[in-house]
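Trainee: Quick one, fold the following:
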Amino acid sequence: MRKWLTLLWLLLGVGVVIYHFNGGRDQVQRERAYVEYRNIVELERGDKPDWKQIVELYDKLAVSLPAGEDLRVRREVRLAKCRAMLEALQIRSAVDQLQVLLDETSDAYGELDSLTQAVRATMGRAQFMAGWVLQQIGAPDQKYQRHYDRSRQIFRYLAEHDDEAAYKRYQRRIGRSIDEVENAD
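Mentor: Numbering: from 1, shown residues only. Model prediction:
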């Protein structure tokens, strides 16, 4: 009996060392973050979600992820946060963050990756919402039409293209057309 207790005591130390050096803490953080994510999703699906609170919860979720977490997971959390920001009508900051996220995902994963496409689709939705809001408050046609055009072009690109070279040509064309409109003001 004494041998077994001694062996158990020694193995307990081995278990602690393995837990400490084998990513045990990171896994615990990951599991807690997943529980937080599930709670946020439940709040989003509720009858009357508080979108500002949900945006704050996504910020907390991003902080609670382990330091060595995969960048793709972090970018997916940022995309979910941007979607919540659109629901909270924080359109300008959502568009700014989506543009940064779109640049990051297209550089890291390519134009045809599912995450890049999801970010681009969210950007199209954000541009449409920006145009609609500007139109509702009585902004000049040129102001809101620019957002509608950008949204239309994004969704057209998503529907028609499936190669990266086409996207680069599309970006150059859009940049020129936006510059022409801004110079006409």
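
Trainee: looking at this protein, which helix or strand does the model trust least?
Mentor: Ranked by mean pLDDT, DSSP states H and E, the helix or strand of the chain with the weakest confidence is helix 164-184, at a mean of 62.

Trainee: Counting by contacts, list what the strand or helix carrying residue 25 packs against.
Mentor: Per DSSP states H and E, residue 25 falls inside helix 24-44. On a contact count with 3 or more Cβ pairs under 8 Å, 6 or more residues apart in numbering; DSSP states H and E, helix 24-44 meets helix 51-64, helix 71-87. Yep, even glycine has a C-beta here, placed from its N, CA and C like the rest.

Trainee: Identify each buried residue in the first one, please.
Mentor: By neighbour count with 16 or more other Cβ atoms under 10 Å, helix 51-64 contains the buried residues 51, 54, 55, 57, 58, 61, 62, 64.

Trainee: Same check on the longest one?
Mentor: For helix 71-87, a neighbour-count test (16+ other Cβ under 10 Å) marks 75, 76, 77, 78, 79, 80, 81, 82, 83, 84, 85, 86 as buried.

Trainee: The fourth one against residue 102, yeah?
Mentor: I take that to be residue 78. No: using Cβ atoms under 8 Å, residue 78 makes no contact with residue 102, being 10.9 Å away.

Trainee: Local confidence estimate at the residue nearest in space to the middle of the chain?
Mentor: Central residue of the chain (Cα atoms, centre = their mean): residue 79, 1.3 Å from the mean position. pLDDT recorded at residue 79 is 94.

Trainee: Which residue, other than its chain neighbours, is closest to it?
Mentor: residue 119 (5.7 Å; Cβ to Cβ, 6 or more residues apart in numbering).

Trainee: so how far is residue 42 from the one you found?
Mentor: 24 Å (Cβ to Cβ, to the nearest Å).

Trainee: out of the two, which sits in the more crowded spot?
Mentor: Each of residue 119 and residue 42 has its neighbours counted (other Cβ atoms under 10 Å); residue 119 has more, 27 against 10.
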